[in-house]
Structures are given as structure tokens and as C-alpha cells.
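Trainee: Fold the following and give me the result.
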Amino acid sequence: MYVEGGIWADIDVEAIRPIDHFIPKRHSESDIGMVVGVETDEPGLKNHPVLGAKATSFCQWTFMCKPRLPVMMRLIDNILIWLTRLAVEQGRSISDLELNFDEVLNGTGPSAFTTAILAEMTAVTGRKTTWDDFHDLEESKVLGGVLVLTSEAFAAGTGHSDSGNHHGKGALVKHHFHASSWTTNHPRFKHPIYGEVEKCNWDVECVKLWDANTAFFASLPKEDQRKMIGLKDREETAAALDAEFAAAMPVVPKSGPLPAAMPPAEAPKNDLRAIDNGMPAAAPAGQADAIAPPPAMNLPPMDSSPLMADAPPAIAGIAPAMSNQESLVAAAPPQQEPAAVEEAGGIAPGLAPGLPEGLEDLMMPAVVPESAGGELVGGMG
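Mentor: As a prediction, the model looks like this:
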């Protein structure tokens, strides 16, 4: 970037808007040699032992600059000085240095990047430039030839520093955070019980809780610390085995809930048609028209109160066109002698006394095969 200039973007950065949107129209390109954006704006944590050096920084995964800028050479010089000092401290060559995550970030990452930019702004403007000039930045500003965009521009969706989301008007790129292989060789600080404080994602209350928990752990005797670590390791091992077992199990599609059983329709009380199982129940109020018979079957209404008052219980559900019990008896067919019934091999239609003419069709005669020796094997339908 120092030699050629241009635009730098990590391999896992996606463009949301064209590059010509990086410089707002209200700024003059002739006044700008470099374009950066705020990444982290959490000065309240600047004194934290782990997060402090990263609490205020410009974004390094995307920026652009002209070639041969002094600020880029300043960054290179600072990195070389830092590496040389570490090599002396560790007593080894630069290529053999052992660095953790925070050392890499502070020495070559956003922290070192931000330190060089603020120093160059101070040199160009002639006044001390600090992070206070960019805290709670609501709109872009140019200082010392550097255009500083709000956190929404390059760091949208990070969930902190008022960065907004990728649908915001000021969002220019989307960082996917999945192509940082160097973190494997340079791990973050991870507490043996409470893990990485970076998991708090700059939430102040979460960081305070992490600090309190780690301080409590440090106050325990070494033996108690070892017991807690052993218990934690066993829990993590068991959880890993459970996850591996669950991954090996076939996925069985879940079926939906069984349909609820429909309650049986309750026959209306005192409905003579419902009492007789051979006839349909009356329709509820308001639905009679929907099940009315064809016009040809709509007979004139009949006064059946005398009939129902005198009718015997056996035919209480039948409403023949007769006016009294005498008419029923008169209409009944003559009874057959038992001998005639036996010869017929079943029950004769006239065997049921008191039935009006035509109702014998409702009776199903029992069938008595000859091979049964006259024993009844059938039944009434």
C-alpha cells in the first residue's frame, strides 16, 4: 500500500456499495490522501488489561490511500522497531518470534495502524490529535489529509460502537470474519474457566462480570483452582462426546401433531327422530333449510299429538298417518299361527302385533339353515 497505493480489503470482505461511494460528495478528493473508518469506539474500556489496546481503533480490514504516503511509512517503521525489540527480548530472530493474538494486534494490527494515523495527524495539523476527535462520530470528517468515516461504513453489523447494520445507508462493506487463519497460530488469551473476554463483544456489564469472576478464581488456593479446571475439562469433554453422538444419529423428520378427536354429536333432548337410531337427528337451529328434502317431499304438517299420547312405547318413534290406537289395531295384519311361522323357517311379518301395515319391511327375517337342525343362528337386523 505504501508503494502502489489503492484499496485494501481482506479476502473475507464483501463490497456493498461501489468504491466511488467511499468519499462523500461534500468532501474534495484533492484534500484526501487516505480513507479509513472507525472500527471500535469503546474508550470506557481503554484501561482494561486485555481489551484496552483495542478499545479505540480504526478499521484495518478495509481502507484506501495514495502511494508513498508518510503515514504508511510511519506504520512500517513502527512495526520494524517493535519486532526488533521483541527479538532482543526473546533472544531469537524475527522469523522465530512467538507472539500471541494481542501482541500481533498491538504490533501490526488495528492498534498499530491507529497509533500511526493519530501520530501523523498530529504532525500534519500541529496539534495533539487523540481519539476524542473521533469518539461518537456522527458524520465523516477530514483531519490531516485523512478522511475518517463513521463505524457504519466499514464495521457495520459488528454489534458494538454504534455500527448499525449492513442495510444502513452508510454501510459500504460487509466483513464475514471467517478467513483469519493466523489466529490459530496466535491464540487469544483464554481463561481456563471463563474463556475469552472478547466473547462479550464490548458489552460493559459482561466485561465487568468476566473481570469479577476471573479475580475470584485468582484468589482461590491453587488446589481449588486445579479442581475447578478439572471439572471444567470433564464437562467440556462430555459435551463434545454428546455433540459427536448427536451428529452421528440419523435425522428423523418430526411429524405434526395428531388431529384432535371430534366429539360425537349429542342428540337434542326430546327429539323423537334422534331416539330412533334408524332415522337422522334433527338439524341444529338455523341449519334446517340446508338439509330439507326436495320440494316433492315437503308434505303438509300433521298434528301428531293424539297419536304420540296414545302410541305404545315400542313404536313411540314412528309417526304413521293414523289418529288413534284403535286405528293402529285395526290396521294391523292378522297374526299367523306358530306352526305357519315354523314352516316358513323364520319370523313371519305378522308376528309383531300392533305394527301398522308396511312396517314389516323394516324387519329382517332370521335365516335358519336346515343343517343347523332348526337352531337360530341369525338375528334381527
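Trainee: Can you name every helix or strand that the longest strand seen in the chain contacts?
Mentor: Ranked by residue count under DSSP state E, the longest strand found in the chain is strand 34-41. Applying 3 or more C-beta pairs under 8 Å, 6 or more residues apart in numbering; DSSP states H and E, we find strand 34-41 packed against strand 56-58, strand 62-65, helix 110-125, strand 146-149, helix 151-155. The way it works is simple: take the backbone N, C-alpha and C, and place the C-beta from them, glycine included.
Trainee: Each with direction, which strands does it pair with?
Mentor: Sheet pairing of strand 34-41 (DSSP bridges) gives strand 56-58 (antiparallel), strand 62-65 (antiparallel), strand 146-149 (parallel).
Trainee: still on that earlier bit, can you tell me which of the helices and strands packed on strand 34-41 comes nearest to Ile32?
Mentor: Ile32 sits nearest to strand 146-149 of all these, at 4.7 Å, using C-beta to C-beta.
Trainee: Report the rounded mean pLDDT for that closest one.
Mentor: Strand 146-149 shows a mean pLDDT of 98.
Trainee: Could you export the helices and strands packed on strand 34-41 as JSON lines, including mean neighbour count and distance to Asp10?
Mentor: Formatted as JSON lines, those follow (neighbours: other C-beta atoms under 10 Å; distance: least, C-beta to C-beta, whole Å):
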{"stretch": "strand 56-58", "mean neighbour count": "26", "distance to Asp10": "14"}
{"stretch": "strand 62-65", "mean neighbour count": "22", "distance to Asp10": "7"}
{"stretch": "helix 110-125", "mean neighbour count": "19", "distance to Asp10": "12"}
{"stretch": "strand 146-149", "mean neighbour count": "22", "distance to Asp10": "17"}
{"stretch": "helix 151-155", "mean neighbour count": "26", "distance to Asp10": "11"}
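Trainee: So for Leu80, which of those sits nearest?
Mentor: helix 110-125 (11.2 Å).
Trainee: would you list the strands paired with strand 34-41 in TSV and tack on distance to Thr214?
Mentor: Formatted as TSV, the strands paired with strand 34-41 follow (distance: least, C-beta to C-beta, whole Å):
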stretch	distance to Thr214
strand 56-58	23
strand 62-65	34
strand 146-149	34
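Trainee: Which one of those strands lies nearest to Gly157?
Mentor: Of all the strands paired with strand 34-41, it is strand 62-65 that lies closest to Gly157, at 13.2 Å by C-beta to C-beta.
Trainee: hmm, who's touching the closest one?
Mentor: Residues from elsewhere that reach strand 62-65 (C-beta atoms under 8 Å, 6 or more residues apart in numbering): 1, 5-10, 13, 19, 22, 33-37, 71-72, 154, 172-173, 175.
Trainee: go again using 7 Å as the cut-off
Mentor: Residues from elsewhere that reach strand 62-65 (C-beta atoms under 7 Å, 6 or more residues apart in numbering): 1, 5-9, 13, 22, 33-36, 72, 154, 173.
Trainee: so Trp82 sits in a strand?
Mentor: No. Counting by DSSP: H, G, I helix; E, B strand; the rest coil, Trp82 is located in no strand; its state is helix.
Trainee: Would you mind listing the residues in contact with it?
Mentor: Gly107.
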